[in-house]
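Undergrad: mind folding the following:
(one chain, ligands or ions: 2)
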Amino acid sequence: MGVYGSDRGEGAGEFLADRQAEIEAAARALAAGGLVLLPTETVYGLGADASNPTAVAAIFEAKGRPRFNPLIAHVADVETAARIAVLDDRAMTLAKAFWPGPLTIVAPIREAAAVCDLARAGLDTVAIRVPGHPLSRAVLAAFGGPVVAPSANRSGRPSPTTFADAFGETGDKAAVALDGGPCEVGLESTVVAVLDGPPRLLRPGAVTRAQLEAVVGPLAEAENDARRSPGRLALHYAPDAPVRIDAAAPEAGEAFLAFGPWPDGERVFNLSPTGDLAEAAANLFSFLRAADRTKPVGIAVATIPGEGLGEAINDRLRRAAGYVG
Ligand code: AMP
Ligand code: MG
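TA: Numbers count the residues shown, from 1 in each chain. Ligands and ions are numbered 1, 2, ... in the order given. Purely as a prediction, here's the structure:
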């Protein structure tokens with residue numbers, strides 16, 4: 001029984017007697033591309049290796065998420081964060097004041113491969129934090145790299161703040177499930193962007209505006225608040241080239257995102273030659289960017305089935321094509 005274990009739910013599956021063995025098992029599962037149910041001080045997360053697009057796609061699949069939102073990368077310490085993101089003086093001041101803790105900093109990505117395109121929804125920025133829960137920090141330190149971990153609930157359901165609730169939501173999808181007791185904070189992290197101009201509050205959370213302003217001065221208002229920008233479109237990578245969905249074939253000058261068997265060719269990017277939706281999800285943002293880099297007159301995209309992860313893929317493509325504001 002672990003040091004933090006206090007509310008292990010019934011049917012929680014086998015648990016490891018020794019806490020250190022649990023931590024190592026979680027780190028190994030992450031390295032192997034598996035999902036880990038992870039306690040943090042905010043809510044329970046479903047974690048995956050942030051650098052592994054297939055593992056990240058598996059998170060979206062497990063949550064049944066109809067959209068690909070950028071995810072928060074969790075790391076063990078400030079040094080690891082500064083290796084992955086460009087943390088300027090203001091970001092470092094915030095990090096030193098609130099980490100480990102429930103503050104997420106959005107900053108330019110430095111080491112793009114460490115947090116894959118799917119985890120960043122194709123953006124050139126990354127959301128990063130050092131969580132305060134000792135068990136998740138121990139797993140992050142043992143694993144070494146960033147772990148993306150959105151709340152462990154299935155899409156549309158409340159965030160779990162106890163092990164039993166978390167296990168009941170997505171425990172069956174996790175290779176390792178860690179019981180860290182009830183979450184102390186129980187509220188999502190505050191998200192603040194430290195890019196050009198004054199820091200901007202993107203999501204209110206456990207760290208208050210007043211606490212932030214006491215450290216870095218007045219915050220700017222988020223320019224894309226939900227009322228003015230439904231769907232928070234600005235949080236997603238938008239290709240320069242116009243996107244045409246449900247295309248049977250590319251037209252002259254177009255790049256083509258194929259799905260299923262399709263001959264190789266210039267400007268052809270096959271999301272999944274075998275028609276596998278998880279593979280297509282893992283490739284989606286990288287291939288959109290790669291297609292865009294060929295400076296085509298447009299990007300044609302094959303029809304993607306709507307079931308499972310196809311719902312989120314199609315949502316993203318409809319946005320890219322301008323059908324959803
Ligand atoms: P969750 O992991 O479900 O707690 O949600 C992550 C939050 O961070 C969402 O509100 C995202 O929109 C936000 N987020 C993640 N990455 C970025 C980014 N690169 N830029 C702006 N917001 C981000
Ligand atoms: Mg959530």
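
Undergrad: ramachandran angles for the residue of the stretch 101-250 of the chain found nearest ligand 1?
TA: Closest approach between the stretch 101-250 of the chain and ligand 1, counting by Cβ to the nearest ligand atom: Ala127, at 3.2 Å. For every residue, glycine as well, the C-beta is placed using N, CA and C. For Ala127, the backbone dihedrals (degrees, to the nearest 10) come out as phi -100, psi 120.

Undergrad: mind listing what it touches?
TA: 70-73, 104-106, 191 (Cβ atoms under 8 Å, 6 or more residues apart in numbering).

Undergrad: so which residue is dead centre in the chain?
TA: Leu71 (2.1 Å; Cα atoms, centre = their mean).

Undergrad: OK, contacts around that one?
TA: 50, 56, 59, 119-120, 127, 148-150.

Undergrad: in stretch 254-263, which residues are buried?
TA: By neighbour count on 16 or more other Cβ atoms under 10 Å, the buried set for stretch 254-263 is 254-260, 262.

Undergrad: which one of the residues you listed is nearest to Leu288?
TA: The closest of the buried residues of stretch 254-263 to Leu288 turns out to be Leu257 (Cβ to Cβ; 7.3 Å).

Undergrad: for the stretch 151-300 of the chain, which residues are neighbours of ligand 1?
TA: Residues of the stretch 151-300 of the chain lying close to ligand 1 (Cβ under 6 Å from any ligand atom) are 151, 188, 191, 202-203, 235.

Undergrad: out of these, which are buried?
TA: Buried among these by 16+ other Cβ under 10 Å: 151, 188, 191, 202, 235.

Undergrad: in helices, which of the residues you listed fall?
TA: Assigned to helices by DSSP state H, none of these qualify.

Undergrad: including pLDDT, could those go into CSV?
TA: Compiled in CSV, those are given as follows (pLDDT from 0 to 100):
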residue, pLDDT
Ser151, 94
Glu188, 87
Val191, 94
Leu202, 90
Leu235, 66
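
Undergrad: now Trp262: closest residue in space that isn't a chain neighbour?
TA: Asn270 (5.7 Å; Cβ to Cβ, 6 or more residues apart in numbering).

Undergrad: got the phi and psi for the one you found?
TA: phi -90, psi 110.

Undergrad: what's across from it in the sheet?
TA: Ala258 (DSSP bridges).

Undergrad: just checking, it touches Phe259?
TA: Yes: contact status for Asn270 versus Phe259: in contact at 7.3 Å, counting by Cβ atoms under 8 Å.

Undergrad: ok, Ala48 - how many residues close by?
TA: By other Cβ atoms under 10 Å, 30 other residues sit near Ala48.

Undergrad: which helix or which strand is home to it?
TA: In the assignment (DSSP states H and E), Ala48 maps to strand 45-49.

Undergrad: from the contact counts, what lies against that strand?
TA: Counting contacts by 3 or more Cβ pairs under 8 Å, 6 or more residues apart in numbering; DSSP states H and E, strand 45-49 packs against helix 19-31, strand 36-38, helix 53-63, helix 134-143, strand 147-148.

Undergrad: show me where pLDDT drops low in the stretch 201-325 of the chain?
TA: The model of the stretch 201-325 of the chain has pLDDT under 70 over residues 222-235, 324-325.

Undergrad: need the helices for it, in chain order.
TA: 209-216, 277-293, 310-320 (DSSP state H, counting those that start in this stretch).

Undergrad: going along the chain, name the helices of the stretch 51-200 of the chain.
TA: Counting by DSSP H, counting those that start in this stretch, one finds helices in the stretch 51-200 of the chain at the ranges 53-63, 78-84, 89-98, 117-120, 134-143, 163-170.

Undergrad: let me see the mean pLDDT of the last one.
TA: Right, the one you point to is helix 163-170. For helix 163-170, mean pLDDT is 96.

Undergrad: so what does that helix touch, helix or strand wise?
TA: Short answer (3+ Cβ pairs under 8 Å, 6+ apart): helix 163-170 packs on strand 36-38, strand 176-177.

Undergrad: try it again at 10 Å.
TA: strand 36-38, strand 45-49, helix 53-63, strand 176-177 (3 or more Cβ pairs under 10 Å, 6 or more residues apart in numbering; DSSP states H and E).

Undergrad: report the distance from that helix to the chain centre.
TA: 19 Å (Cα atoms, centre = their mean, to the nearest Å).

Undergrad: distance of the residue nearest to Trp262 from Ala107?
TA: Taking Cβ to Cβ, to the nearest Å as the measure, Asn270 falls 33 Å from Ala107.

Undergrad: cross-check the contact I'm expecting between Ser97 and Val207.
TA: Quick fix: residue 97 reads Ala, not Ser. Yes: counting by Cβ atoms under 10 Å, Ala97 does reach Val207; the two are 9.1 Å apart.

Undergrad: looking at the two, which is more packed in?
TA: Val207 (23 against 15).
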